[in-house]
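*Asks:* model the following, please.
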Amino acid sequence: MTTTHDTQTDIQDRAILVSLVTDKIKRTGIDPELSLQELVQLAETAGVEVLDVLRQNKETPDSKWFIGKGKVEELRMAADGFGANTAIFDQELSGAQVRNLEEALDLKIIDRTQLILDIFAGRAKTREGIIQVELAQLSYLLPRLSGQGKNLSRLGGGIGTRGPGESKLETDRRHIRNRIDELKRQLDEVVKTRELHRERRRKSGAVQVALVGYTNAGKSTLLKQLTDADVYIENQLFATLDPTSRVLQLLSGKEVVLTDTVGFIQNLPHDLVASFRATLEEVNEANLVLHVVDASSPMREEQMEVVQAILTDLGAAGKPQITLFNKSDICQPEQLEMLPAGPGYLKISAFNPEDLTLIREIIEDSLAGDTLTFRIPGDRGDLSSLLYRVGEVLEQQYDENDVLYNVRLNKEDYEKWGYKLAEFVVQE
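*Replies:* Below you'll find the model as predicted:
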């Protein structure tokens with residue numbers, strides 16, 4: 001029996017990558033070469049075969065072509081020579097530029113933003129993730145509808161065609177705006193549900209620790225190793241989209257909630273940040289942030305700066321933070337020597353059991369605060385259980401009708417629950 005394959009899934013994207021370095025980009029401090037290396041990784045993550053890379057330095061982008069007309073001709077010749085069917089630009093293009101380039105080159109034209117959105121579309125699994133990605137894609141595409149003709153009609157599928165299908169994108173702007181409004185409504189419902197879960201965790205006194213970091217730094221691997229979580233692990237960008245929370249038991253026996261979050265990346269599309277804001281704001285609920293860094297990456301310092309900038313944007317920059325320099329097992333000795341050391345820093349491998357113990361210790365030490373003694377009436381079981389939940393009970397003694405608890409309690413928890421406990425503190 002002969003099996004027929006769908007043409008749309010058979011033709012692979014074979015791409016030439018294009019980077020335009022303008023004076024504005026130079027002023028931002030972003031290293032164009034590192035950005036281009038990242039674009040190669042993004043393309044490969046999306047299943048694209050990268051054939052060649054073209055670079056151009058120019059004061060400002062060309063309003064019609066983005067790159068100069070001569071570079072357009074060079075790109076056309078390179079595409080013919082390599083047999084490319086796609087060109088991927090490292091910067092964001094306007095709808096008119098996409099249309100002009102498509103007509104001049106007879107190639108599918110994709111920019112960095114669309115590539116990242118496409119990867120997210122392929123990875124989204126939960127209802128919230130799927131809504132967030134489609135909302136970001138439609139918000140990106142709405143002002144560019146006039147430039148999407150060839151992308152939508154071209155056979156071959158591949159990048160830029162996942163997520164909202166042709167039927168959605170070929171309808172008029174009103175239909176897409178209605179769809180955006182509907183997605184926002186659905187997302188609001190999901191956000192309300194998420195807020196209810198957060199409120200429940202707050203009321204239960206659960207201590208929360210958030211894993212943050214650049215994409216592919218090893219956060220999901222760390223979550224799996226520390227908690228035996230059944231999570232997707234892959235050496236790819238954006239392997240994790242949906243936040244995953246698991247209980248982590250510390251050495252004292254105390255339990256905390258450890259949450260893995262979506263990886264960050266430089267030039268993360270604005271529409272994507274807006275759509276994923278509710279998910280990213282899980283970080284704001286954390287008592288402690290573990291910043292996981294790929295210590296082996298040549299872009300390590302730039303990646304750390306991107307993470308700090310996004311944390312600042314989310315309002316989470318002031319959170320207590322520990323930096324975990326991960327993947328020490330694949331670093332050269334000189335790489336490890338260059339890493340910062342001291343309190344708040346740890347060089348680790350997610351696969352080293354001793355390092356996992358050190359992580360548990362440093363979490364416990366960071367969360368540990370002052371040791372206080374509470375005199376709780378014997379009939380106030382609610383307060384006794386609260387102390388066990390939010391602190392580490394070191395000792396308890398019975399004194400007539402009361403129970404004396406010696407408890408280590410961190411500052412943040414005491415600020416949160418002190419109003420219930422303050423009158424029971426034994427003054428020394």
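
*Asks:* count of neighbours near Gly248?
*Replies:* Residue 248: Leu, not Gly. By the criterion of other Cβ atoms under 10 Å, Leu248 has 20 neighbours. C-beta: built from backbone N, CA, C; applies to glycine.

*Asks:* pull the distance from the host helix or strand of it to the chain's centre.
*Replies:* Assessed by DSSP states H and E, Leu248 sits inside strand 244-249. Strand 244-249 sits 18 Å away from the centroid of its parent chain (Cα atoms, centre = their mean, to the nearest Å).

*Asks:* rounded mean pLDDT for it, please.
*Replies:* The pLDDT scores in strand 244-249 average 89.

*Asks:* over to stretch 375-391?
*Replies:* 89.

*Asks:* how about it: buried residues?
*Replies:* Ile376, Leu383, Ser384, Leu386, Leu387, Arg389, Val390, Gly391 (16 or more other Cβ atoms under 10 Å).

*Asks:* those residues in strands, which ones?
*Replies:* Ile376 (DSSP state E).

*Asks:* got a markdown table for the buried residues of stretch 375-391, with distance to Tyr398 too?
*Replies:* Supplementary listing: the buried residues of stretch 375-391 in a markdown table, determined by distance: Cβ to Cβ, whole Å:
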| residue | distance to Tyr398 |
| --- | --- |
| Ile376 | 11 |
| Leu383 | 15 |
| Ser384 | 12 |
| Leu386 | 18 |
| Leu387 | 15 |
| Arg389 | 21 |
| Val390 | 22 |
| Gly391 | 19 |
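
*Asks:* for the stretch 101-250 of the chain, give me the ranges with low pLDDT.
*Replies:* In the predicted model, the stretch 101-250 of the chain carries pLDDT under 70 at residues 146-172, 231-242.

*Asks:* now the helices for it?
*Replies:* For the stretch 101-250 of the chain, the helices defined by DSSP state H, counting those that start in this stretch occupy 112-123, 127-141, 149-153, 166-169, 173-204, 219-227.

*Asks:* now mean neighbour count and distance to Val425 too, for those helices, in JSON lines please.
*Replies:* Listed next are the helices of the stretch 101-250 of the chain as JSON lines, based on neighbours: other Cβ atoms under 10 Å; distance: least, Cβ to Cβ, whole Å:
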{"stretch": "helix 112-123", "mean neighbour count": "23", "distance to Val425": "49"}
{"stretch": "helix 127-141", "mean neighbour count": "22", "distance to Val425": "42"}
{"stretch": "helix 149-153", "mean neighbour count": "15", "distance to Val425": "65"}
{"stretch": "helix 166-169", "mean neighbour count": "14", "distance to Val425": "60"}
{"stretch": "helix 173-204", "mean neighbour count": "13", "distance to Val425": "22"}
{"stretch": "helix 219-227", "mean neighbour count": "22", "distance to Val425": "33"}
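
*Asks:* those helices: which one's closest to Thr357?
*Replies:* Proximity to Thr357 (Cβ to Cβ) singles out helix 219-227 among the helices of the stretch 101-250 of the chain, at 10.1 Å.

*Asks:* run the chain-centre distance for that closest one.
*Replies:* That offset, for helix 219-227, works out to 15 Å (Cα atoms, centre = their mean).

*Asks:* now do the helix or strand just after the strand holding Leu248 and helix 219-227, the angle between them.
*Replies:* Remark: after strand 244-249, the chain's next helix or strand is strand 255-260, criterion DSSP H and E. Computed by axes from the mean of the first three to the mean of the last three Cα atoms, to 10 degrees, the angle separating strand 255-260 from helix 219-227 equals 160 degrees.

*Asks:* can you point out the buried residues in strand 255-260?
*Replies:* Val256, Val257, Leu258, Thr259, Asp260.

*Asks:* isn't the first one right up against Val209?
*Replies:* Yes. Judged on Cβ atoms under 8 Å, Val256 makes contact with Val209 at a distance of 5.2 Å.

*Asks:* any residues in contact with both of these two?
*Replies:* Both Val256 and Val209 are contacted by Leu248, Asn287, Ile363, under the criterion Cβ atoms under 8 Å, 6 or more residues apart in numbering.

*Asks:* and the second one, how far from Ala206?
*Replies:* Separation of Asn287 from Ala206 (Cβ to Cβ, to the nearest Å) stands at 9 Å.

*Asks:* and if you look at Glu423?
*Replies:* 24 Å.

*Asks:* of the two, who's got more company?
*Replies:* The residue with more neighbours, out of Glu423 and Ala206, is Ala206; 17 against 9, by other Cβ under 10 Å.

*Asks:* between the buried residues of stretch 375-391, which is closest to Gly95?
*Replies:* Nearest to Gly95 among the buried residues of stretch 375-391, with distances taken as Cβ to Cβ, is Val390, at 53.3 Å.

*Asks:* for the spatially closest residue to the closest one that is not a sequence neighbour, give me its contacts.
*Replies:* Closest residue to Val390 apart from its sequence neighbours, by Cβ to Cβ, 6 or more residues apart in numbering: Gly205 at 4.1 Å. Listed by Cβ under 8 Å, 6+ apart, the contact partners of Gly205 are Leu386, Arg389, Val390, Asp413, Lys416, Trp417.

*Asks:* closest to Ala341 out of those?
*Replies:* Asp413 (28.8 Å).

*Asks:* quick revisit: mind giving me the packing neighbours of the strand holding Leu248?
*Replies:* Under the contact definition 3 or more Cβ pairs under 8 Å, 6 or more residues apart in numbering; DSSP states H and E, strand 244-249 sits against helix 219-227, strand 255-260.
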